[in-house]
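In: Have a look; sequence and predicted model below, questions after that.
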Amino acid sequence: MNIIKLNAIDSTNSYLRKLVQIKQLENFTVVVAEHQFEGRGQMGTVWESGIGKNLTFSTLIRFSKLEITQQFYLSMAVALGIKTVLKSVVNGSFYIKWPNDILADNDKIAGVLIENVLGGSTLKYAVVGIGLNVNQLVFPENIKNVTSLNKIAGSCFDKDELLNKIIKSIQFFVDFIENEDFIELKKRYIASLYKFQTPSMFEDNKGVIFLGKIVDISEEGQLMVALENETIRKFNLKEIKFANR
């Protein structure tokens, strides 16, 4: 496994995206930084992390053949890879909050940013950025519903060991994509989905609050929510959130 360690960088995703354009990199090359001062989350959000306390890294994932219409399976594989490792090192309840945040009970512990590079109708490769709260105990007051492995377990964790486990676990689930075992991959993802089939209050991007329950994920990765009138609505990223969070 090719691991590039940096003390500080603006964004490991940006660094790796530039590097892959000028250098031949092996699959699952990793860039990890002790401090990421312009870490990014989904849809332009900011990922804040204590210096040296957490895992902030990006990995390069190439595919032999993955259609653009199937790219959400990568989100599934990455989220399952992270969640599986966390479940193995800490005695707790972990869930995937659509599309690929990882929750410990109801608190966020990891986030994922996937940037795909397309070639025709297929995905050439993806740069997958991951932020995992490991040993940080104190978080900014403006960040709510957040936790870390240390807060859950009451002990520090070896970040290098966790990194290796997570990359190997993601490789395991990416193999489902390479083997075109999409049905099993989605089955495992759905089984790990936060609030699946549980009546919950949601808020859409127009501020409308409504009762519904998550019933499926569309082929394009949209969240499918059954409403009280038994109709099903599909939502893209940032079009829906839980009303109590």
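Out: Everything's here; your move.

In: roughly how far apart are the residue nearest to S58 when sequence neighbours are not counted and G52?
Out: What sits nearest to S58 in space, not counting adjacent residues and going by Cβ to Cβ, 6 or more residues apart in numbering, is T12, at 4.0 Å. Every C-beta, even on glycine, is put in place using the N, C-alpha and C of the backbone. To G52, T12 is 15 Å away according to Cβ to Cβ, to the nearest Å.

In: Please enumerate the helices of this structure.
Out: Ranges of helices within the chain are 12-22, 72-89, 149-153, 159-178, 182-191, based on DSSP state H.

In: the domain parsing of this protein - what is it?
Out: 3-191, 200-242 (automatic domain parsing).

In: what distance separates the first one from the middle of the whole chain?
Out: Spelled out, that is domain 3-191. Computed by Cα atoms, centre = their mean, to the nearest Å, the chain-centroid distance of domain 3-191 equals 5 Å.

In: What's the end-to-end length of it?
Out: 32 Å (Cα to Cα, to the nearest Å).

In: Report the rounded mean pLDDT for it.
Out: Domain 3-191 carries an average pLDDT of 93.

In: cool, the shortest one as well?
Out: The pLDDT scores in domain 200-242 average 96.

In: All the strands of this structure, residue numbers only.
Out: With DSSP state E as the criterion, the chain has strands at 3-9, 30-36, 55-62, 94-97, 101-104, 107-119, 122-132, 200-204, 209-217, 223-227, 232-235, 240-242.

In: so which of those is the most packed in?
Out: Comparing the strands of the chain by mean neighbour count (mean count of other Cβ atoms under 10 Å), strand 55-62 ranks first with a mean of 24.

In: Now do it: which elements does it pack against?
Out: Applying 3 or more Cβ pairs under 8 Å, 6 or more residues apart in numbering; DSSP states H and E, one finds that strand 55-62 contacts helix 12-22, strand 30-36, strand 122-132, helix 159-178.

In: what's that strand in contact with?
Out: For strand 55-62, contacts defined as Cβ atoms under 8 Å, 6 or more residues apart in numbering pick out 12-13, 15-16, 20, 25, 27-33, 35-36, 39, 47, 49, 74, 124-132, 134, 159, 162-163, 166-167, 170, 174.

In: Much appreciated, bye for now.
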